[in-house]
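Participant: below are the sequence and a predicted model for it; my questions follow.
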Amino acid sequence: MESAANTPKSLSLPLKTRIALWVRIVIKLTAREDGTVNRRLFKLVDFRNPPSSKPINGVKTYDVVVDPTRKLWVRVYVPTQYALEDLPVLVFFHGGGYVIFSADTKLYDEVCRKFTREFPAIVVSVDYRLSPEHRHPMHHDDGLDVLKFLDVEENRSKWLPENADISRCFLGGDSAGANMAHHVAQRTSQLNFQHLKLTGLVAIQPFFGGTERTDSEVRLEGLAPILSPKRTDWLWNAFMPVDEPHKRDHALINVSGPNATDISKMDFPPTMVVVTGFDILRDWQIRYHQWHKKSGKEAYLVDYPNMFHAFYLFPELSESDQLIFEVKDFIHKVLIK
């Protein structure tokens with residue numbers, strides 16, 4: 001099977017990472033059987049970072065309210081050492097199954113700082129609404145509306161630095177954030193923006209699924225940390241509208257499956273897909289990459305056989321830094337065309 005190729009039989013991780021993964025048990029406990037989330041319990045492990053107008057390691061940050069009526073806001077990351085260079089803009093969507101985390105969650109704030117400094121780029125991290133309190137299409141509406149907000153010259157001149165080049169805009173995200181980046185890109189490609197142009201998409205271990213239980217879902221159950229088939233079922237139920245039956249082959253979930261939207265005639269941007277050996281979603285992610293290729297779209301696959309879902313959020317892992325450079329190479333490759 002393609003999913004099992006070059007994948008070791010067990011996962012070897014440093015002690016610091018193993019301890020951090022045990023903390024994830026608390027996150028699992030926040031998901032109630034009735035489909036709701038214990039937000040009070042989750043706050044105990046969801047550490048937040050405030051914005052910093054004073055540069056930290058060459059990056060300053062500030063928050064911008066896009067729509068106060070729905071509490072939609074973004075955190076902007078600006079690399080201070082590249083103030084005189086025109087820089088691409090990366091609009092980033094955090095992971096968490098559409099249910100947990102935020103743009104100011106410590107893990108995501110720190111990784112967005114690394115993106116900003118290393119690429120370099122102006123990063124706009126979106127704090128979109130969460131399920132189950134808010135269900136589809138609210139998350140994707142939030143993502144698209146941030147792009148519309150940035151496309152307005154008055155907003156852009158007020159809230160982005162002068163060297164932010166919105167005509168070189170990338171969408172990116174991990175897990176549910178990568179699913180969101182795909183669907184926002186798909187909707188964006190069918191609209192006419194005045195200034196914003198999608199140049200590329202970075203899908204880090206996208207959260208996809210389907211009715212079928214794939215080889216990676218069966219083979220890695222109990223071996224792979226973070227996700228399990230039972231967990232993904234719960235998350236999709238929280239995401240889908242209440243009045244719509246939970247169909248795992250819906251195009252929102254099984255994006256390259258039998259009900260997939262045809263992107264072959266869309267102006268869909270080049271896409272980088274990141275997969276790992278110990279991720280139960282591996283097969284769905286590889287199919288997504290293959291679907292891009294079959295649709296005649298530019299797509300790249302990056303594989304880390306010894307890693308797990310959300311590995312890049314753990315800075316002690318060398319593969320975390322390696323991924324930063326892989327994304328940097330992808331951005332540069334796309335921009336020089």
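Facilitator: That came through fine. Numbering: from 1, shown residues only.

Participant: okay, now E110: neighbour count?
Facilitator: 15 (other Cβ atoms under 10 Å). In this view, the C-beta of every residue, glycine as well, is placed from N, C-alpha and C.

Participant: secondary structure class for it?
Facilitator: helix (DSSP: H, G, I helix; E, B strand; the rest coil).

Participant: surely it meets R48?
Facilitator: No. Shown here, E110 and R48 do not form a contact pair, counting by Cβ atoms under 8 Å, at 11.5 Å.

Participant: mind listing what L84 touches?
Facilitator: Contacts for L84 (Cβ atoms under 8 Å, 6 or more residues apart in numbering) come out as N163.

Participant: list the contacts for the nearest residue to T276 once chain neighbours are set aside?
Facilitator: Excluding its sequence neighbours, the residue lying closest to T276 (Cβ to Cβ, 6 or more residues apart in numbering) is M307, at 4.0 Å. With contact set as Cβ under 8 Å, 6+ apart, M307 has these partners: T276, G277, F278, D279, L317, E319.

Participant: contact partners of the longest helix along the chain?
Facilitator: Ordering each helix of the chain by length in residues (DSSP state H) puts helix 318-335 first. Under the contact criterion Cβ under 8 Å, 6+ apart, helix 318-335 has outside partners 88, 90, 114-115, 118-119, 121, 168, 170, 172, 199-200, 202, 204, 269-270, 272, 274, 300, 302, 304, 306-307, 311-315.

Participant: ok so, going back, and which of the contacts of M307 is nearest to D63?
Facilitator: Nearest to D63 among the contacts of M307: L317, at 28.8 Å, using Cβ to Cβ.

Participant: ok, that closest one to F115 distance?
Facilitator: 16 Å (Cβ to Cβ, to the nearest Å).

Participant: compare these two (neighbour count), which wins?
Facilitator: Shown here are L317 and F115; by other Cβ under 10 Å, F115 has more neighbours (24 against 20).

Participant: which residues of the chain fall in helices?
Facilitator: Taking DSSP H as the test, the helices found in the chain are 15-29, 39-42, 106-118, 138-151, 153-159, 176-188, 215-219, 229-239, 282-294, 318-335.

Participant: turn those helices into a markdown table, including mean pLDDT and distance to T80.
Facilitator: As requested, the helices of the chain are exported to a markdown table (pLDDT from 0 to 100; distance: least, Cβ to Cβ, whole Å):
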| stretch | mean pLDDT | distance to T80 |
| --- | --- | --- |
| helix 15-29 | 81 | 30 |
| helix 39-42 | 93 | 33 |
| helix 106-118 | 97 | 9 |
| helix 138-151 | 98 | 21 |
| helix 153-159 | 96 | 17 |
| helix 176-188 | 98 | 26 |
| helix 215-219 | 96 | 42 |
| helix 229-239 | 94 | 38 |
| helix 282-294 | 98 | 35 |
| helix 318-335 | 97 | 18 |
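
Participant: and those, which is most packed in?
Facilitator: Compared across the helices of the chain, helix 176-188 shows the largest average neighbour count, a mean of 25 (mean count of other Cβ atoms under 10 Å).

Participant: quick one, that one and helix 282-294 angle?
Facilitator: For helix 176-188 against helix 282-294, the angle by axes from the mean of the first three to the mean of the last three Cα atoms, to 10 degrees is 20 degrees.

Participant: hmm, who's touching helix 176-188?
Facilitator: So helix 176-188 is in contact with 92-99, 128, 139-140, 143-144, 147, 171-173, 198, 201-208, 235, 239, 252, 255, 261, 263, 266, 268-269, 288, going by Cβ under 8 Å, 6+ apart.

Participant: the inter-axis angle of that helix versus helix 229-239?
Facilitator: 40 degrees.
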